[in-house]
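Participant: Below is the structure, and that's it, no one-letter string:
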């Protein structure tokens, strides 16, 4: 089932939507459907992932950071 809705778009937004078409005749509805599917994460974060994010935020807050150079050197990636 489909419905017709009129919306006002900034011309730059319309140009972006046009550039995201898989093929020239793809509908804007299909483009928007793809974008919304990408934007929505149906699987919630696990407790382990949330704990890891919280720990990382604490590290940042307490300036426990490493430069890219330090990491490259530590893992012998230079």
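Facilitator: All right, it came through fine. Please read these numbers as outputs of a predicted model, since none were measured by experiment. Residues are numbered from 1 along each chain as shown.
Participant: Where does residue 50 fall, secondary structure wise?
Facilitator: helix 47-61 (DSSP states H and E).
Participant: I'd like to know how far the most centrally placed residue in the chain sits from residue 50.
Facilitator: The chain has residue 39 as the residue nearest its centroid, 6.5 Å off, counting by C-alpha atoms, centre = their mean. According to C-beta to C-beta, to the nearest Å, residue 39 stands 20 Å off from residue 50. Bear in mind the C-beta positions are built from the backbone N, C-alpha and C, glycine included.
Participant: And residue 76, by the same measure?
Facilitator: 32 Å.
Participant: again, but for residue 35
Facilitator: In this view, residue 35 and residue 50 are 26 Å apart by C-beta to C-beta.
Participant: in the lowest-mean-pLDDT helix or strand in the chain, what counts as buried?
Facilitator: In the chain, no helix or strand scores lower on mean pLDDT, DSSP states H and E than helix 68-74, which sits at a mean of 92. Of all the residues in helix 68-74, not one is buried under the rule 16 or more other C-beta atoms under 10 Å.
Participant: Tell me the gap between that helix and the middle of its chain.
Facilitator: 27 Å (C-alpha atoms, centre = their mean, to the nearest Å).
Participant: Identify the residues contacting it?
Facilitator: The contact list for helix 68-74, computed with C-beta atoms under 8 Å, 6 or more residues apart in numbering, reads 66, 77, 78.
Participant: helix/strand/coil for the second one?
Facilitator: If I follow you right, that is residue 77. Here residue 77 is coil, with the state taken from DSSP: H, G, I helix; E, B strand; the rest coil.
Participant: who's in contact with it?
Facilitator: Residues near residue 77 by C-beta under 8 Å, 6+ apart: residue 71.
Participant: Show the model's pLDDT score for it.
Facilitator: We have a pLDDT of 90 for residue 77.
Participant: ok, so what distance separates it from residue 56?
Facilitator: According to C-beta to C-beta, residue 77 and residue 56 sit 21 Å apart.
Participant: can you check the last one too?
Facilitator: In this structure, residue 78 lies at 25 Å from residue 56, with C-beta to C-beta as the measure.
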